[in-house]
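Colleague: What follows is a protein structure lacking sequence information:
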Ligand code: NAD
């Protein structure tokens with residue numbers, strides 16, 4: 001038995017203790033030890049019951065991700081083999097759970113006959129979040145313990161329950177008071193004393209409220225409506241149905257069959273891709289992991305508006321003190337009041353303690369005195385989006401800030417190299433492009449200027465992780481990775497309206513496909529004036545810029561979206577639900593007349609292809625220019641910043657799953673259609689397609 005598992009006997013109770021940091025992953029170091037411990041206990045006539053326990057931090061987080069895709073993950077004994085051995089035990093086995101029991105970890109606990117948990121322990125089967133289902137009997141055992149409705153809810157949401165909630169639904173037999181191991185041993189002794197013996201979950205019946213068929217029909221209809229083509233929840237439902245209708249071993253077969261369908265499906269592959277893509281973004285080929293970083297212990301944020309406030313919150317949330325600078329007291333007061341209101345909301349929902357809010361607020365030092373920030377290790381500006389304003393500010397910062405301070409800009413559209421050139425220390429200048437609301441959104445585009453120092457990049461990446469963002473490095477270009485692609489996506493959305501779609505039709509098609517919301521709804525949320533301003537600039541900067549003017553026609557009427565109560569849709573006061581507006585139909589009809597377009601009927605698959613293939617084609621151009629380092633980085637931008645459905649893996653991964661040749665053929669078709677001239681096929685996309693390759697092949701060469 002390895003050190004990771006220890007075996008001891010106390011007062012006739014065998015204790016199997018697991019210790020495989022960080023999360024007690026059920027890898028090849030734990031599984032044999034658990035199996036051996038059970039065999040030893042079974043063989044010892046002086047042992048009457050078994051307790052299995054993890055550490056205070058974790059009973060077990062499930063499979064060991066470090067062994068994913070290695071032979072170790074399937075080495076005997078596997079978790080199902082351990083679960084089967086648990087079922088064969090003739091002595092009662094008690095799981096003593098602290099911290100969390102997730103996935104395979106909870107399946108191990110469900111193989112036990114009884115469960116005792118420390119207060120606040122988190123229990124769950126989150127496999128659905130990776131597009132799969134619990135594959136070691138979890139779908140058969142959990143409903144037998146908590147009933148069909150609760151089991152289905154836990155497994156299709158992937159959400160955890162606390163020990164107390166678990167006790168209420170029967171998942172936990174006792175919530176431990178005081179020391180967990182002592183409680184579990186006492187519990188085991190009581191079971192023995194009362195002669196209760198083993199209680200095999202496999203022998204139990206699943207409780208269903210009312211008629212089983214009616215229950216599953218209703219649940220299926222609900223899942224079909226909400227899962228929008230994501231297959232795992234329906235497969236989980238199939239397993240729970242099997243748990244109700246079939247003997248345990250037959251149910252297990254059904255679980256294995258459905259598990260395999262999901263593992264082989266693109267959706268779970270996409271989610272696994274996302275899992276690994278996230279771990280790639282901070283790997284920069286010419287900036288090795290041991291690049292020295294500058295310490296970032298004190299920050300300054302300039303501008304207490306929408307973005308400055310959110311950025312400040314992200315910093316103080318992890319204990320980094322921030323000096324928040326404004327030009328006028330009123331703006332500073334407004335900014336602070338918004339931050340306070342945001343925290344107070346979280347406190348009122350019970351998700352933050354008042355004391356923590358007070359501590360965070362105390363880390364913010366508001367000031368109108370710019371020179372006071374001189375000792376900050378990083379200063380992030382979030383002032384108005386105007387080059388003259390930014391240049392003037394950076395000149396000031398250059399004069400004020402201590403040597404070695406990092407000077408960061410939150411600009412969304414301006415040239416970071418030009419901003420850097422306005423200082424005498426361009427090596428210290430970098431872009432930190434946060435997304436709104438900056439305290440919530442996980443994406444952080446880090447814009448590497450041509451002069452940005454490697455240590456500055458490494459330090460900013462480390463800061464990004466520290467403030468719990470997904471930092472993705474982008475080169476300097478108009479719109480960086482995310483907004484540059486978004487421009488092409490929006491361009492097609494508008495052209496589709498020119499040609500015959502209603503805003504609702506475009507939004508519904510892409511929403512059903514999986515995007516968090518459609519482009520027109522998104523525009524209304526972000527404010528239509530912002531895109532309008534950018535387009536007006538583009539018309540001047542790029543005379544060949546082709547974009548439908550339908551968006552301008554809407555914005556010209558003062559219809560800026562939610563903030564003005566109308567945009568592409570109507571909004572009732574204080575509401576965010578888009579309502580169809582006949583006035584918009586009229587504006588669109590007039591515009592079609594203006595440009596001489598006879599509307600045609602357009603089906604959903606054309607809408608989806610045009611929107612998504614526009615993203616893919618621009619993504620390929622971005623890769624070719626080296627603006628993004630790898631296709632998986634582009635995927636992370638879309639997955640974490642733009643509501644791209646995780647189970648489709650991001651635009652570039654999605655392109656791989658449908659085949660690049662198919663994308664190229666479709667684009668060639670679009671070139672012959674309405675405004676076909678905007679479809680400039682990316683040479684990289686064309687080349688990869690011709691060679692039968694994917695963007696994964698491109699990434700593999702990095
Ligand atoms: P905002 O208008 O809400 O806030 C800007 C704040 O900066 C104002 O409070 C203003 O008083 C202050 N300010 C202006 N000049 C200043 C100066 N010289 N010194 C100190 N304070 C000054 O704007 P915002 O939406 O927060 O945008 C800020 C920046 O972030 C812009 O560059 C914008 O492009 C970028 N950005 C915005 C978003 C978004 O969704 N709003 C997203 C990403 C990036």
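Modeller: Noted; the coordinates are in hand. Please read these numbers as outputs of a predicted model, since none were measured by experiment.

Colleague: and residue 315, which of the three is it?
Modeller: Per DSSP: H, G, I helix; E, B strand; the rest coil, the secondary structure class of residue 315 is helix.

Colleague: Around whatever residue of the stretch 201-350 of the chain ends up closest to the ligand, how many other residues sit close by?
Modeller: Proximity of the stretch 201-350 of the chain to the ligand (Cβ to the nearest ligand atom) peaks at residue 305, 1.8 Å away. Backbone N, C-alpha and C define where each C-beta goes, glycine included. Other residues near residue 305 number 15, with proximity taken as other Cβ atoms under 10 Å.

Colleague: So it is in contact with residue 385, correct?
Modeller: No - with contact defined as Cβ atoms under 8 Å, residue 305 does not count as touching residue 385 (10.6 Å).

Colleague: From residue 136, how far off is the residue nearest to residue 464 when sequence neighbours are not counted?
Modeller: Nearest in space to residue 464, with sequence neighbours left out and distances taken as Cβ to Cβ, 6 or more residues apart in numbering, is residue 471 at 3.1 Å. Look at residue 471 and residue 136: by Cβ to Cβ, to the nearest Å, they are 35 Å apart.

Colleague: Settle it for me: which of those two has more neighbours?
Modeller: residue 136 (28 against 23).

Colleague: Make sure I have this right: that one is in a strand.
Modeller: No - Residue 136 is assigned coil when assessed by three-state DSSP, not a strand.

Colleague: Next one: it relative to residue 173, how far apart?
Modeller: Counting by Cβ to Cβ, the gap from residue 136 to residue 173 is 21 Å.

Colleague: What are the contacting residues of the helix or strand encompassing residue 109?
Modeller: Remark: residue 109 resides in helix 104-111, with elements defined by DSSP states H and E. With Cβ atoms under 8 Å, 6 or more residues apart in numbering as the test, helix 104-111 has contacts from 24, 26, 34, 52, 54, 58-63, 79, 82-83, 86-87, 93, 95, 97, 101, 115, 123-125, 134, 136-138, 141-142, 145, 201.

Colleague: what do you get for stretch 357-375?
Modeller: Here stretch 357-375 has contacts from 298, 300, 302, 304, 312-313, 315-317, 319-329, 332, 335-336, 339-340, 343-344, 346-347, 379, 396, 400-402, using Cβ under 8 Å, 6+ apart.

Colleague: Summarise which helices and strands whatever helix or strand residue 620 lives in is packed against.
Modeller: In this assignment (DSSP H and E), residue 620 forms part of helix 604-624. If you count contacts as 3 or more Cβ pairs under 8 Å, 6 or more residues apart in numbering; DSSP states H and E, helix 604-624 packs onto helix 480-499, helix 503-513, helix 631-641, helix 651-658, helix 660-670, helix 683-690, helix 695-700.

Colleague: Of those, give the one that comes closest to residue 190.
Modeller: helix 631-641 (48.9 Å; Cβ to Cβ).

Colleague: which bits of the protein sit near the ligand?
Modeller: The chain comes close to the ligand at residues 302-308, 325-327, 331, 382-385, 389, 393, 410-412, 433-434, 436, as judged by Cβ under 6 Å from any ligand atom.

Colleague: are any of these buried, and which?
Modeller: Among these, those buried by neighbour count (16 or more other Cβ atoms under 10 Å) are 302-304, 307-308, 325-326, 382-383, 385, 393, 410-412, 433-434.

Colleague: Next, give me the two most distant ones among these.
Modeller: Checking these with Cβ to Cβ, the most distant pair is 326 and 433, at 21.1 Å.

Colleague: Grab the nearest non-local neighbour of the closest residue to the ligand within the stretch 51-200 of the chain.
Modeller: Closest residue of the stretch 51-200 of the chain to the ligand, Cβ to the nearest ligand atom: residue 129 (27.7 Å). Closest residue to residue 129 apart from its sequence neighbours, by Cβ to Cβ, 6+ apart: residue 158 at 4.5 Å.

Colleague: State the distance from that neighbour to residue 615.
Modeller: 27 Å.

Colleague: Give me the more crowded residue out of these two.
Modeller: Set side by side, residue 158 and residue 615 show more neighbours around residue 615, with 23 against 18, by other Cβ under 10 Å.

Colleague: which ones are touching the nearest residue in space to the more buried one that is not next to it in sequence?
Modeller: Closest residue in space to residue 615, ignoring its immediate chain neighbours: residue 651 at 4.3 Å, by Cβ to Cβ, 6+ apart. Going by Cβ under 8 Å, 6+ apart, residue 651 touches 485, 612, 615-616, 619, 634-635, 638, 644.

Colleague: can we see that at 6 Å?
Modeller: 615-616, 619, 638 (Cβ atoms under 6 Å, 6 or more residues apart in numbering).

Colleague: ok so, going back, could you give me the PyMOL syntax to select whichever of the contacts of stretch 357-375 are buried?
Modeller: The following PyMOL line selects those of the contacts of stretch 357-375 that are buried, judged by 16+ other Cβ under 10 Å:
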select buried, resi 298+300+302+304+312+313+315+316+317+320+322+323+324+325+326+332+335+336+339+343+347+379+400+401
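
Colleague: quick one: which of the contacts of stretch 357-375 sit in helices?
Modeller: Among the contacts of stretch 357-375, the members found in helices (DSSP state H) are 312-313, 315-316, 329, 332, 335-336, 339-340, 343-344, 346-347, 396, 400.

Colleague: starting at the chain centroid, how far to whichever helix or strand residue 223 is part of?
Modeller: Element membership of residue 223, judged by DSSP H and E, is helix 212-227. Remark: helix 212-227 is offset 26 Å from the chain centroid, using Cα atoms, centre = their mean, to the nearest Å.

Colleague: and what of stretch 674-693?
Modeller: So, by Cα atoms, centre = their mean, the centroid of stretch 674-693 is 30 Å from its chain's centroid.

Colleague: Buried residues in it, which are they?
Modeller: So for stretch 674-693, counting by 16+ other Cβ under 10 Å, buried means 674-675, 678-679, 681-682, 684-686, 688-689.

Colleague: can you check stretch 465-485 too?
Modeller: So stretch 465-485, judged by 16+ other Cβ under 10 Å, has buried residues 467, 469-477, 479-485.

Colleague: One more: stretch 213-220?
Modeller: In stretch 213-220, counting by 16+ other Cβ under 10 Å, buried: 215-216, 219.

Colleague: For burial, what's the neighbour tally of residue 608?
Modeller: 17.

Colleague: residues contacting it?
Modeller: 509, 513.

Colleague: repeat that with 10 Å
Modeller: Contacts for residue 608 (Cβ atoms under 10 Å, 6 or more residues apart in numbering) come out as 506, 509-510, 512-515.

Colleague: gap between it and the ligand?
Modeller: Distance, residue 608 to the ligand, using Cβ to the nearest ligand atom, to the nearest Å: 26 Å.

Colleague: Residue of the stretch 501-650 of the chain nearest the ligand, please.
Modeller: residue 526 (6.6 Å).

Colleague: residues touching that residue, list them.
Modeller: Per Cβ under 10 Å, 6+ apart, neighbours of residue 526: 436, 560-563, 567.

Colleague: ok, the closest residue to residue 511 other than its chain neighbours - how many residues close by?
Modeller: Nearest residue to residue 511 in three dimensions, chain neighbours excluded: residue 518, at 5.3 Å (Cβ to Cβ, 6+ apart). Counted with other Cβ under 10 Å, residues neighbouring residue 518 total 26.

Colleague: wait, residue 518 sits on residue 578?
Modeller: Yes - Residue 518 is in contact with residue 578 according to Cβ atoms under 10 Å; the separation is 9.1 Å.

Colleague: name the helices or strands packed onto the helix or strand in which residue 389 is found?
Modeller: Residue 389 is located in helix 387-400, with elements delineated by DSSP H and E. Packing contacts for helix 387-400, counted by 3 or more Cβ pairs under 10 Å, 6 or more residues apart in numbering; DSSP states H and E, involve strand 299-302, strand 378-381, strand 406-409, helix 416-421, strand 429-434.

Colleague: ok, 8 Å please
Modeller: By 3+ Cβ pairs under 8 Å, 6+ apart, helix 387-400 packs against strand 378-381, strand 406-409, helix 416-421.
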